[in-house]
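A.B. asks: no letters, just coordinates:
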Ligand SMILES: NC(=O)c1ccc[n+]([C@@H]2O[C@H](COP(=O)([O-])OP(=O)(O)OC[C@H]3O[C@@H](n4cnc5c(N)ncnc54)[C@H](O)[C@@H]3O)[C@@H](O)[C@H]2O)c1
Ligand SMILES: OCCc1c[nH]c2ccccc12
């Protein structure tokens, strides 16, 4: 089963999973990785002007042989004159239109948020981008933008995973109320950056029930939050693993609640991990000491009794 699409507030549809070119592919030739992602079944590519690879993203797309209508390309504004920036991205991407154009960071527009967004609205009205949105906007920044926007952003792309879900709840609720779809990068943080935390246990339990991997359970959790996944890998087997999430049965309400609850506790810090290791060592040493004392006493008792 292919990954589905999510409807945006402007009537267009966005593929529910994207292949990102911003991490290991930053300022690198993305050609073969984009081609591999498209070959494996991704149809949505996420890039940005600052990633310095829009031209090789285009090369990968060309070499895939896919039709433009079967592809969804997101790129991001990273500063400078907005109309020039979108045209530069279109040239590098070798496209007539971008599917989704995002403001990469709020700081890029905070001095003139209202007029910057008007420039984005013009980009959509001129057909240079089908959809427009933002990235890394917090609740306050999004509220400020929506207050004066003629076109409500279609998307907010944020760092989103079980360990920051609780702190993002108000932002997610506000976004849902305004039909703003959340996109998640960094979803695999509990596995890649902060393993060994409270989320591991409920994720492993769900993975066991489903015969899935922990990576797949976390991506399923993201999907069931109604959030579009932006992930990446240079390895084909990872890409296949990500896409197979579409075939997994849903996590139960209880499994989701258990991940939410564990996530709200936050990841285990290196200091907490060290303390846990010291505690485990001391417990082991104490038990070993007790065992030796008991053993020596029993040997002595046997010796004394045999005399
Ligand atoms: N808008 C933004 O500010 C912003 C910021 C960061 C990333 N992004 C976008 O999101 C994309 C994905 O970002 P991400 O790297 O945070 O995604 P992610 O959290 O999904 O992590 C992907 C990484 O997980 C690794 N991985 C997969 N399976 C693994 C396993 N079993 N064990 C260990 N590691 C495993 C992959 O090799 C890959 O490096 C980027 O390429 C970029 O396009 C956007
Ligand atoms: O999308 C943000 C991710 C990212 C990867 N490399 C960068 C360099 C500068 C700014 C952002 C990024």
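C.D. replies: Ah, there it is. Quick caveat: nothing in here was measured; it's all calculated off a predicted structure. Residues are numbered from 1 along each chain as shown. Ligands and ions are numbered 1, 2, ... in the order given.

A.B. asks: next up, the contacts around residue 271.
C.D. replies: Listed by C-beta atoms under 8 Å, 6 or more residues apart in numbering, residue 271 has no contact partners. Every C-beta, even on glycine, is put in place using the N, C-alpha and C of the backbone.

A.B. asks: avg pLDDT for the longest helix anywhere in the chain?
C.D. replies: Ranked by number of residues, the top helix in the chain under DSSP state H is helix 270-306. The average of the pLDDT scores along helix 270-306 is 77.

A.B. asks: isn't residue 240 up against residue 42?
C.D. replies: No: the criterion here is C-beta atoms under 8 Å, and residue 240 misses it with residue 42 at 10.6 Å.

A.B. asks: between these two, who's got more neighbours?
C.D. replies: residue 42 (25 against 12; other C-beta atoms under 10 Å).

A.B. asks: can you give me phi and psi for the more buried one?
C.D. replies: Residue 42 adopts backbone torsions of phi -70, psi 150, taken as degrees, to the nearest 10.

A.B. asks: hmm, residue 243 and it touching each other?
C.D. replies: Yes: here residue 42 reaches residue 243: they are 7.2 Å apart, a contact under C-beta under 8 Å.

A.B. asks: got any residues that touch both of these two?
C.D. replies: residue 17.

A.B. asks: list the contacts for residue 203?
C.D. replies: Counting by C-beta under 8 Å, 6+ apart, residue 203 touches 162, 190, 214, 217-218, 259.

A.B. asks: by neighbour count, which of those wins?
C.D. replies: Highest neighbour count within these, by other C-beta under 10 Å: residue 162, with 29 neighbours.

A.B. asks: skipping adjacent residues, who's closest to it in space?
C.D. replies: residue 263 (3.2 Å; C-beta to C-beta, 6 or more residues apart in numbering).

A.B. asks: ligand 1 contacts on the stretch 151-300 of the chain?
C.D. replies: With C-beta under 6 Å from any ligand atom as the criterion, the stretch 151-300 of the chain meets ligand 1 at residues 157, 185-189, 191-192, 215, 230-233, 238.
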